[in-house]
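Student: sequence isn't available, so here's the structure alone:
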């Protein structure tokens, strides 16, 4: 006859394993070992500023130092590959917008990572709008005026973008088609060097996120003249959407979120998720992120994972329909 407690041994083992996982997560949080937040773009850009704003508050919630580590290059590809190679111990996370996670694998033959396999979505915390901005060295204060400016210069212009084969690059093509202009996208290694050339009037226009442009827009050094989305942005109520200008297909807003290496214990992910939720709920943080041009919209793990999947599928259809060939 079997021992009467035998059927419960698997349950005890499961409970013990769960306890050990929770204990490991607690020990990690209390160890004081720095938590790295990887950023795929250089210091000084919008994504870097967002990461530093969150890191400053996360350290108090996690009880450990939180450092931002810039792994710039290839539109976030280097940072993504760094995350893939990182130990799944709760010490490394990747703060990214849609480009590195949803777009790079669609436009690159071998990105060196598969987000669905190599990463764990932790949480989303904001959406944002990409925008067309003109430099202060042009007379244009609207898309119509920019179009006339380009027409007066032979119908050709070069528009800066933060990364090659990105949504901004596809947007440049859509703008050129709409207004019958010869517009060429000039890819940079992030928004910061692109912005430097815009401020120096080396390029007359750029397409990037509102967080990349907003401070210089407020200072009158560049002018945001159109935004994506199905409605105008609260921070830019006088700036029309591309849909208002007759350019359709740019209604869905990109996301910002955090990711961990595959295999990171669920308890560690949940703890970081809870810490992020508290930080994003802080009035001063919401105010800071909103001032950067974000729409703060916290999403827990399951909802964020579904958002990433749906967004990726939508742009997969758009990119294939454009005839773009992955490189």
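Tutor: Ah, there it is. On a predicted model such as this, the values are computed, not experimentally measured, just so you know. Residues are numbered from 1 along each chain as shown.
Student: wait, doesn't residue 265 sit right on residue 87?
Tutor: No - between residue 265 and residue 87 there is no contact under C-beta atoms under 8 Å: 11.6 Å. In short, each C-beta sits where N, CA and C put it, glycine included.
Student: who's more crowded, the two?
Tutor: Neighbours were counted for residue 265 and for residue 87 using other C-beta atoms under 10 Å; residue 265 has more, 19 against 10.
Student: got phi/psi on the more buried one?
Tutor: In terms of degrees, to the nearest 10, the main-chain angles of residue 265 are phi -50, psi 140.
Student: from residue 271, how far out is it?
Tutor: 9 Å (C-beta to C-beta, to the nearest Å).
Student: what does residue 297 give?
Tutor: Taking C-beta to C-beta, one finds residue 297 at 21 Å from residue 271.
Student: for those two, indicate the residue with more neighbours.
Tutor: residue 271 (19 against 16).
Student: that one should be in a strand, yeah?
Tutor: No - looking at residue 271 with DSSP: H, G, I helix; E, B strand; the rest coil, it is helix, so not inside a strand.
Student: show me where the chain has its strands.
Tutor: Remark: strands assigned in the chain by DSSP state E are 35-39, 66-70, 92-97, 119-127, 130-135, 156-161, 182-187, 205-209, 222-227, 255-261, 295-299.
Student: tell me what whatever helix or strand comes next after the third one is packed against?
Tutor: So the one you mean is strand 92-97. Beyond strand 92-97 on the C-terminal side, the first helix or strand identified by DSSP states H and E is helix 98. Contacting helix 98 under the criterion 3 or more C-beta pairs under 8 Å, 6 or more residues apart in numbering; DSSP states H and E is no other helix or strand.
Student: looking at helix 98 now, give me its mean pLDDT.
Tutor: When pLDDT is averaged over helix 98, the result is 96.
Student: which outside residues touch that helix?
Tutor: Residues outside helix 98 that contact it (C-beta atoms under 8 Å, 6 or more residues apart in numbering): 167, 254-255, 311, 315.
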